[in-house]
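A.B. asks: Just need the structure, nothing else, for what follows:
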Amino acid sequence: IAPVLVGTALAGYAHIFHPLRFLAALIGAIFIQVGTNLSNDYSDARRGADAEDRLGPVRVTAGGLVPPRLVLVATYVSFGVAVLAGVYLIVVAGWQLLLVGAASILAGVLYTGGPRPYGYEGLGELFVFLFFGIVAVAGSFFVEVKHLNWEAFALAVPVGLLAAAILIVNNVRDIDTDRRAGKRTLAVRLGRERTRTLFAATVYVAYLLAPITWLFGPTKPWVLLPWLTLPVAAPVVRAVRNRVDGLSLNQALARTGMLQLAFCTLLSAGLLLSR
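C.D. replies: Numbers count the residues shown, from 1 in each chain. You can find the predicted model right below:
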């Protein structure tokens with residue numbers, strides 16, 4: 001939801017808004033995320049990455065809550081819904097979105113699926129930054145205005161950083177079980193302390209980059225509105241730095257997601273107020 005809000009708000013800054021395109025982009029983004037998570041759930045269980053001593057919430061496949069075949073069917077259905085939304089956007093906004101949608105779904109499947117899952121090689125955060133930051137924000141802007149500008153990419157960077165921060169918390173929590181399963185996430189490669197530092201840097205750099213379209217572009221200081229969430233960000237960073245238990249890190253994970261949504265909602269409001 002968060003990157004779609006920002007990309008659409010940037011189009012709104014230019015006094016362009018197509019409600020049906022916004023709705024289709026929102027549905028497409030949500031169901032690509034859902035499909036990716038279901039695919040990840042299925043593939044991790046099949047590879048043995050979700051052991052009984054995992055600190056995170058019980059996952060449906062490994063926990064035996066849903067048969068693997070049904071999880072796979074739900075994955076196909078989720079991506080199918082995203083495809084239907086994408087077909088409408090291709091018709092109204094351009095063929096380029098076919099490439100965007102196909103790449104997004106492929107990235108979702110290959111995160112933990114396929115012969116060489118990139119999530120097992122420490123590239124998960126990079127792909128999250130690209131697809132839930134750069135691609136999602138710029139793509140949501142494109143479906144409204146049918147072109148791209150540098151502001152779309154500038155605003156996509158802090159959005160992508162906060163999206164990556166969500167995965168960083170997840171991987172800090174799972175570092176021990178991932179290491180035993182041979183899942184070489186970025187956290188496993190860097191170690192716990194350096195990954196905690198990376199999380200803090202990722203979050204705070206997002207705040208530093210939020211006003212870039214005001215400092216070097218046409219928007220107004222309203223894009224500083226996301227800074228109002230700094231009092232929420234600081235305790236989350238401290239929790240990730242100081243805690244190792246699953247409950248605390250699960251809470252930090254949820255709070256990082258809420259932080260991203262609050263940050264992006266205020267950034268979107270700032271863009272609309274800059275008109």
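A.B. asks: mind pulling up the phi and psi values for R173?
C.D. replies: Dihedral pair for R173: phi -60, psi -40, per degrees, to the nearest 10.
A.B. asks: which stretches of the protein have low pLDDT?
C.D. replies: Residues of the chain that meet the criterion pLDDT under 70 lie in 47-59, 62-63.
A.B. asks: chain center to stretch 174-193: distance?
C.D. replies: Relative to its parent chain, stretch 174-193 has a centroid offset of 20 Å by Cα atoms, centre = their mean, to the nearest Å.
A.B. asks: quick one: terminal-to-terminal distance for it?
C.D. replies: Distance across stretch 174-193, first residue to last, is 14 Å (Cα to Cα, to the nearest Å).
A.B. asks: Can you give me the buried ones in that stretch?
C.D. replies: In terms of neighbour count (16 or more other Cβ atoms under 10 Å), stretch 174-193 has its buried residues at 174-178, 181, 183, 185-188, 190. Just so you know, the C-beta spots here come from the backbone N, C-alpha and C atoms, and that holds for glycine as well.
A.B. asks: again, but for stretch 5-24
C.D. replies: So stretch 5-24, judged by 16+ other Cβ under 10 Å, has buried residues 5-13, 18, 21-22, 24.
A.B. asks: First-to-last residue distance for it?
C.D. replies: Per Cα to Cα, stretch 5-24 runs 12 Å from first to last residue.
A.B. asks: what sits up against it?
C.D. replies: 4, 25, 85-86, 88-89, 92-93, 136-145, 151-152, 155-156, 159, 219, 264-265, 267-269, 271-272, 274-275 (Cβ atoms under 8 Å, 6 or more residues apart in numbering).
A.B. asks: go on, stretch 255-274?
C.D. replies: By Cβ under 8 Å, 6+ apart, the residues outside stretch 255-274 that reach it are 1-3, 5-6, 8-10, 12-13, 155, 158-159, 162-163, 165-166, 169, 203, 206, 210, 214, 218-220, 222-226, 228-229, 232-233, 235-236, 239.
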